[in-house]
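S.K.: sequence and predicted structure below; questions after.
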Amino acid sequence: MSTRLTARFSACAEQDRAALVCFITAGDPDLTTSAALLKALPAAGADVIELGMPFTDPMADGPVIQAAGLRALKAGQTLRKTLAMVRDFRETDSETPIVLMGYYNPIYVHGVERFLADAVAAGVDGMIVVDLPPEEDDELCRPAIAAGLNFIRLATPTTDDERMPAVIANTSGFVYYVSVNGVTGSAVPDYTSVAAAVMRIKAHTSLPVAVGFGVKTPADAAAVASHADGVVVGSALISVIVSTLDAEDRATTETVPAAVAFVRSLASGVQAGRRISTAA
């Protein structure tokens, strides 16, 4: 089993802070720029990277991430190229955990056994596959665990205490709490409810709990970081990337620097959140 996620969350806890988990879509807006973003994120403050696998029907994603996936596919991104991005990243970074996030169809087409072998060889640490419930664990979850990869499950506001054990059962690395009902980037979470939800999940597991969906600003990151073990930011980061693209959705000289500056501001927010928690 890959231990990078466990080591990173433990290191952040020792620093009395939450981990900053940053999502980008592989190949958005093009492979070269996306690879440069991937390599720049750790130095900017990203503790864990979620790398989206572009898919034509991303049912759990809002319009921002849907558009990112379409830009990537239009630019020629494939699952094979996404795995190659991770392999190239590992040539210079052996410590930052990378979690692939996406849907089962591209993995099924690639072939489950081949995908898992390629992911391990590339240096992937885990995966989030949003359209495979616990009842389908034999399809991918258990083979992934057997291959040495973490399988991260999502809990939502509607995951009650009766359902939670099934969600937690084969989850490792961390639990991803979706803080709003809806798709990515669709609403602002109620932070009081987030705190209660994190406590409720922790009653079922000793795994770290990372909170995402709806985190848009450093202040949002601070609010979530004061309650959770990790803060996940995706749509807001991609929106910053989009703001730098030209009229034909091509990267400009501002694309990577703007994304790096935004991640730095989020990292400061995460640090501030832990200070708020300590002072409370």
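M.R.: On my side now, so go ahead.

S.K.: which regions of the protein sit below the pLDDT cut-off?
M.R.: 1-2, 181-189, 275-280 (pLDDT under 70).

S.K.: where exactly do the helices run in it?
M.R.: 4-14, 31-44, 63-74, 79-89, 104-110, 112-122, 141-147, 164-168, 191-202, 218-225, 235-243, 255-279 (DSSP state H).

S.K.: residue contacts, the most centrally placed residue in the chain?
M.R.: Taking Cα atoms, centre = their mean, the centroid of the chain lies closest to residue 50, which sits 3.3 Å from it. Each residue near residue 50 by Cβ atoms under 8 Å, 6 or more residues apart in numbering is listed here: 21, 22, 23, 24, 98, 99, 100, 101, 128, 232, 234. Where you see a C-beta, it was placed from the backbone N, CA and C, and this is true even at glycine.

S.K.: now do residue 19
M.R.: For residue 19, the contact set (Cβ under 8 Å, 6+ apart) comprises 8, 9, 12, 47, 48, 208, 210, 229, 230, 231, 270.

S.K.: gap between the first one and residue 254?
M.R.: Residue 8 sits 29 Å away from residue 254, going by Cβ to Cβ, to the nearest Å.

S.K.: more neighbours, the two?
M.R.: Neighbour count, other Cβ atoms under 10 Å: between residue 8 and residue 254, residue 8 has more, with 22 against 15.

S.K.: quick check: that one touching residue 97?
M.R.: Yes: using Cβ atoms under 8 Å, residue 8 is in contact with residue 97, at 5.3 Å.

S.K.: quick check: neighbours shared by these two?
M.R.: Common neighbours of residue 8 and residue 97 (criterion: Cβ under 8 Å, 6+ apart): 47, 48.

S.K.: of the contacts of residue 50, select the buried ones using a ChimeraX command.
M.R.: A single ChimeraX command is used to select the members of the contacts of residue 50 judged buried by 16 or more other Cβ atoms under 10 Å:
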select :21,22,23,24,98,99,100,101,128,232,234
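
S.K.: quick one: which of the contacts of residue 50 is nearest to residue 136?
M.R.: Ranked by distance to residue 136 (Cβ to Cβ), these are led by residue 128 at 14.2 Å.

S.K.: for the closest residue to the closest one other than its chain neighbours, list each beta-bridge partner.
M.R.: Spatial nearest neighbour of residue 128, excluding adjacent residues (Cβ to Cβ, 6 or more residues apart in numbering): residue 101 at 4.3 Å. Beta-bridge partners for residue 101, by DSSP bridges, are residue 52, residue 128.

S.K.: from residue 221, how far off is residue 153?
M.R.: To residue 221, residue 153 is 23 Å away according to Cβ to Cβ.

S.K.: what do you get for residue 261?
M.R.: Distance, residue 261 to residue 221, using Cβ to Cβ: 14 Å.

S.K.: the more surrounded of these two?
M.R.: Using other Cβ under 10 Å as the criterion, residue 261 and residue 221 rank with residue 221 on top: 27 against 13.

S.K.: isn't the residue nearest to residue 128 up against residue 124?
M.R.: No: assessed by Cβ under 8 Å, residue 101 is found out of contact with residue 124, at 10.9 Å.

S.K.: distance of residue 256 relative to residue 41?
M.R.: Distance from residue 256 to residue 41, counting by Cβ to Cβ: 10 Å.

S.K.: neighbour count for those two, which is higher?
M.R.: A count of neighbours by other Cβ under 10 Å puts residue 41 above the other of residue 256 and residue 41, at 25 against 20.

S.K.: contact partners for the more buried one?
M.R.: Shown here is residue 41, whose contacts under the criterion Cβ under 8 Å, 6+ apart are 22, 24, 49, 96, 259, 260, 263.

S.K.: neighbour-wise, give me the winner out of those.
M.R.: Among the contacts of residue 41, residue 22 has the most neighbours (other Cβ under 10 Å), with 27 neighbours.
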